[in-house]
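Trainee: Have a look at this prediction, sequence included:
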Amino acid sequence: MGITLDRREMALQLERAVRYAEDQRQVLPVEWVERTEHMAGCPSRTYVAALGVALLAKATDERIDALTVKRKVSANAYSMRGAAAVLAGNAALYGYHLGVTGPEPLNNQPWFHGERIDQFRIEDKDIEPFQNNLVRYLRELNGYDSAHALLALAAFVRVRQRFAADLGAAQSSLEAAGLPVAASRVGALPELVEQQGLVAPGDSSALAEAIARLAGDPFAGERALQRVRSVCAPEVVASALAEAYDVSSGRAS
């Protein structure tokens, strides 16, 4: 039961979407730019990845039901985790950020045990509006053919590439200069900023406390420098890119 998406075909559609995203002459659907930006505000960063996964799946096979999570659900269902592996595996190669890191961005709740996104019961009131909007977006996506879904995916990629470039460059530049950084736990920041410099999104009091704490720490600047070197040093980036190429070519074990 369900539709099995070919990973090579997904990788091909993703490559096409990236080409559209990086061609600044290409007009992309504004509504999907705005929807991608909106999902970035969700306290659960997996919602960014979930949106991208559904877009990739629909661009690959327009028959899929974008609201499904597992293939066993119905004849038009697909595996979100399978598509997520392709999207996450190519993130370093194409320079976009999914809001979460690692090879399995949907290997947690509610994606791990859920069967349909429109049946999730979300108890967190801060996440609930994003859940409702994601359902609305994907219901609309179900009416798309693969060509229109590909443009929506390109819009997603363009936003997430810009996010990764702007956010990562700013923080890594500060840390490379030996300046400690305090920031919210959003986007790529948890990868770049040490734990004691991170606070919950929107918590201005905690951010002020973190700034004061780091300002009074004579060793914070050196730790920041070591942190950015561990993530952004040429040999580290080269290794990550090599792994991404292996995944995209099917050579990964």
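Mentor: Happy to help now that I have it.
Trainee: and the nearest residue to Glu62 once chain neighbours are set aside, how many residues sit next to it?
Mentor: Nearest residue to Glu62, sequence neighbours excluded (CB to CB, 6 or more residues apart in numbering): Ser146, at 4.2 Å. C-beta coordinates here come from the backbone N, C-alpha and C atoms, glycine included. Ser146 has 15 neighbouring residues, counting by other CB atoms under 10 Å.
Trainee: Thr60 is in contact with Ser146, correct?
Mentor: Yes: taking CB atoms under 8 Å as the definition, Ser146 is a contact partner of Thr60 at 7.1 Å.
Trainee: can you tell me which residues contact Arg213?
Mentor: Contact partners of Arg213, counting by CB atoms under 8 Å, 6 or more residues apart in numbering, are Gln196.
Trainee: For Glu194, see how far away it is.
Mentor: Counting by CB to CB, to the nearest Å, the separation of Arg213 from Glu194 is 11 Å.
Trainee: and what of Pro103?
Mentor: Counting by CB to CB, the gap from Pro103 to Glu194 is 24 Å.
Trainee: Looking at those two, which has the bigger crowd around it?
Mentor: Glu194 (17 against 13).
Trainee: All the strands of the stretch 101-250 of the chain, in order from the start?
Mentor: Assigned by DSSP state E, counting those that start in this stretch, the strands in the stretch 101-250 of the chain fall at 183-184, 198-199.
Trainee: Count the neighbours of Ala84 for me.
Mentor: Residues lying near Ala84 (other CB under 10 Å) number 26.
Trainee: what residues are up against it?
Mentor: So Ala84 contacts 49, 53, 104-106 (CB under 8 Å, 6+ apart).
Trainee: Check Leu153 too.
Mentor: Taking CB under 8 Å, 6+ apart as the test, what Leu153 contacts is 13-14, 17, 52, 55-56, 58-59.
Trainee: one step back: mind checking which of the strands of the stretch 101-250 of the chain is nearest Asp65?
Mentor: strand 183-184 (34.5 Å; CB to CB).
Trainee: Quick check, pLDDT for the residue most central in space within the chain.
Mentor: Taking CA atoms, centre = their mean, the centroid of the chain lies closest to Leu98, which sits 0.9 Å from it. Predicted confidence (pLDDT) for Leu98: 90.
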